[in-house]
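Colleague: this is a predicted model, with the sequence first.
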Amino acid sequence: MLLNGLNLTDDEKLFQKTLDTLSTVLNRPANHPVTSQRVTRNCGILEGLVHKLKTNESSIAQLMVEQTHRPLAGCLTEVRRSIQTLEKARDAAHKLCEPRAYDFSDALQGGHSAMSQRFTFAPLFAITPFNFPLNLTLHKIAPAIALGLPFVCKPPLQSLELFSLLNDWLIECGLESDSFAFYFASNEGVAKAMDRLPLPLISFTGSKQVGFQLKQKYWDRKLILELGSTAMGVVCNDVPKWELERLSQDLAKSGFANSGQSCISLQHLLLESDVCDDLISHLKHTASNIARSRDPKSLETLTGPLLGRAAFDKALDLLNQALECGAQVWSAGEHNPSEHHLAPTLVIYPNCQARTLDQIRLTREEAFAPLICIHKLPGNMSVDKLAELMQRFDANIHASVFTYQNKRARQLYEVVPSRSVLWNEIPSWRADEMPYGGVQLSWHNGRLQNAGLLGDEGPYQTMLELTVERLFVLP
């Protein structure tokens, strides 16, 4: 079902009625074994939704353009990725229901064998972000549907029509209308609702600030948190000059597509001395070409407006603060505050000294804007020194290494604190079935710091988070 909770929080009777409906969903039975029979039945719903999306691919993409003002090319890609997410969730669910055997015959207290099966244990309350509304929502609810879990999902407010349609399609595909709800409400309304709803299992994708507030407040619940990141790439001296023009196009796409509003969009680019000047020149040329296309309905357009004025002002503040610290700022056109449009921009750091890095907020803050920060590296930097520098950036999800040296690529993979290290591929590349999230854990000043994810994502990994393995020890 779809519930519009906007502007209801001031009317206690209407608000309570909405909460009662959501509580009904969240109090449905949710503890059962993940069996082949159950998964096969539930995956029929996913397959029906795949057919709906394939049949209506173009119209869904057009609807997303109208609602979010994102470029058409990006919306088409998102619909196609959403189809793949559903298919991968279906495959993962069948894999998950396979029993696992254990051999404890050498146990000191007498031998046994055992089998295990995964069980669901609680309904899901999911909060999804605005930047890829359909695909990132399906990353949360498709595993729940395959497992037969009731769920309440708070989608982004900009996508009401999209989720009205998705709501109807899910019911047409066989999902019981009282087993799920899309709940539209302001952030304040959702926070107020969460205080009064039974929420044993919470999945949230968004900012670290909000994620850590949820962790602190709901410490006794199961939380799956994907809390954003900056992404970085390093281009080594051995990359040939004839490769730099093509590489600049890929890097610019990674940093500027969807206006940089992705937790794996390129934000930090580290350039060794031999490739630095040429690559910067190519990047400026590519950024200028990207900036010329502003029509969201054109397949050539990569960038669009930021989410709102607050997002635009934050990006501008970060740029101004970098300027004050001595960085050079180059933009491929004029910024437009009234349209929340920030032109593709390069921020060239003055040096890579620790003091300068610490001073500039862009070093660790996620810009979520079309900004690429360029760091010029001194010549002959050792792998250890380079790894030490890379660890200063909050690139806990994806980092890229561009080099033709196998040994150096492997060495950096082993020391860079990112969940995924991509060799000769841009950091914004993602396969929807891959494990996803941050792993930058470090013990510093007496505290365990987690800069990324608490929980895990990707269809199979999400299903592991939504279930628990139980043993059946045999005589």
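Modeller: Structure's in. What do you need? Numbers count the residues shown, from 1 in each chain.
Colleague: make it CA atoms for all contacts and neighbour counts henceforth
Modeller: Fine.
Colleague: packing partners of the helix or strand hosting Asn289?
Modeller: In this structure, Asn289 is located in helix 273-292 according to DSSP states H and E. Using 3 or more Cα pairs under 8 Å, 6 or more residues apart in numbering; DSSP states H and E as the contact criterion, the neighbours of helix 273-292 among helices and strands are helix 244-256.
Colleague: so His112 versus Glu98, what's the distance?
Modeller: According to Cα to Cα, to the nearest Å, His112 and Glu98 sit 20 Å apart.
Colleague: same question, His32
Modeller: As it turns out, when the distance is counted by Cα to Cα, His32 lies 15 Å from Glu98.
Colleague: repeat that for Asn424.
Modeller: Shown here: Asn424 relative to Glu98, a distance of 36 Å by Cα to Cα.
Colleague: so for the two, which sits in the more crowded spot?
Modeller: Neighbours per residue, other Cα atoms under 10 Å: of Asn424 and Glu98, the larger number sits with Asn424, 17 against 14.
Colleague: surely that one meets Phe402?
Modeller: Yes. Asn424 lies in contact with Phe402 (Cα atoms under 8 Å); the separation is 4.5 Å.
Colleague: tell me the buried residues in stretch 306-323?
Modeller: Of the residues in stretch 306-323, those scored as buried under the neighbour-count criterion (16 or more other Cα atoms under 10 Å) are 306-307, 311-312, 315-316, 318-319, 321-323.
Colleague: nearest to Leu474 among the residues you listed?
Modeller: The shortest separation between Leu474 and any of the buried residues of stretch 306-323 is 56.3 Å, and it belongs to Leu307 (by Cα to Cα).
Colleague: give me the mean pLDDT for the helix or strand where Lys88 lies.
Modeller: Following DSSP H and E, one finds Lys88 within helix 72-96. What helix 72-96 shows for mean pLDDT is 95.
Colleague: the following helix or strand past that helix - contacts with which helices or strands?
Modeller: Moving toward the C-terminus from helix 72-96, the first helix or strand encountered (DSSP H and E) is strand 100-104. Applying 3+ Cα pairs under 8 Å, 6+ apart, one finds that strand 100-104 makes contact with strand 112-120.
Colleague: restricting to C-alpha, output the strand it packs on in PDB.
Modeller: What follows is strand 112-120 as a C-alpha-only set of coordinates in PDB (Å, rounded to 0.1, in the frame of the first residue of the first chain):
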ATOM      1  CA  HIS A 112      27.800 -35.400  15.300                       C
ATOM      2  CA  SER A 113      26.900 -34.000  12.000                       C
ATOM      3  CA  ALA A 114      24.600 -31.000  11.400                       C
ATOM      4  CA  MET A 115      22.800 -29.100   8.800                       C
ATOM      5  CA  SER A 116      21.800 -25.500   8.800                       C
ATOM      6  CA  GLN A 117      19.100 -23.300   7.200                       C
ATOM      7  CA  ARG A 118      18.700 -19.600   7.200                       C
ATOM      8  CA  PHE A 119      15.700 -18.100   8.900                       C
ATOM      9  CA  THR A 120      14.100 -14.600   8.600                       C
END
